[in-house]
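# Here is my input, please return the structure:
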Amino acid sequence: MTTIREVKCPLCGRLSLYAPTNPYRPFCSERCRLIDLGEWADGKYAIPVHKEAQSYQEESGDEDEAILSNNDADGDSEPES
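Residues are numbered from 1 along each chain as shown. Okay, the predicted model is just below:
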C-alpha cells in the first residue's frame, strides 16, 4: 500500500501532495518549480565542492584550456561534419 504524504513546498511553504500524480513534486505548482530552476540557473544555489574534486577540476581544466586554444589556433571554430 502506497502512502500519499503532504509536504511543504520548498519554495513557498504551501502543502502539496508528494505523489506520482503531482508532476511538480516536491513543489506545489509549476510556478514554484520554475522559480527554483531559475535560482539554480542564476547561481543563487550551489553544491559545495570537496577539496579533492576541486583540485581535480583545476588539473583537468588546464588540459581543456590547452585543447580549446589548439583548436582556435588551427582556425577551426566549428567541428568537422
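
# helix, strand or coil for the closest residue to Leu15 other than its chain neighbours?
Counting by C-beta to C-beta, 6 or more residues apart in numbering, Glu6 is the residue found nearest to Leu15 once chain neighbours are left out, at 4.6 Å. No exception for glycine: its C-beta is placed from N, CA and C like everyone else's. Counting by DSSP: H, G, I helix; E, B strand; the rest coil, the backbone at Glu6 sits in strand.

# Can we start the residue count at 107 from this point?
Happy to do that; since the first residue is 107 now, the last one works out to Glu112.

# Which stretches in the chain count as strands?
111-114, 121-124 (DSSP state E).

# surely the residue nearest to Leu121 meets Tyr124?
Yes: if you go by C-beta atoms under 8 Å, Glu112 and Tyr124 touch, sitting 7.0 Å apart.

# Which one's more surrounded, these two?
Between Glu112 and Tyr124, counted using other C-beta atoms under 10 Å, Tyr124 has the larger neighbour count: 14 against 11.

# per-residue pLDDT, that one?
We have a pLDDT of 92 for Tyr124.

# Quick check: it touching Val113?
Yes: applying C-beta under 8 Å as the test, Tyr124 and Val113 come out as touching, 4.6 Å apart.

# Tell me the residues that contact both of these two, please.
Common neighbours of Tyr124 and Val113, counting by C-beta atoms under 8 Å, 6 or more residues apart in numbering, are Arg131, Pro132.
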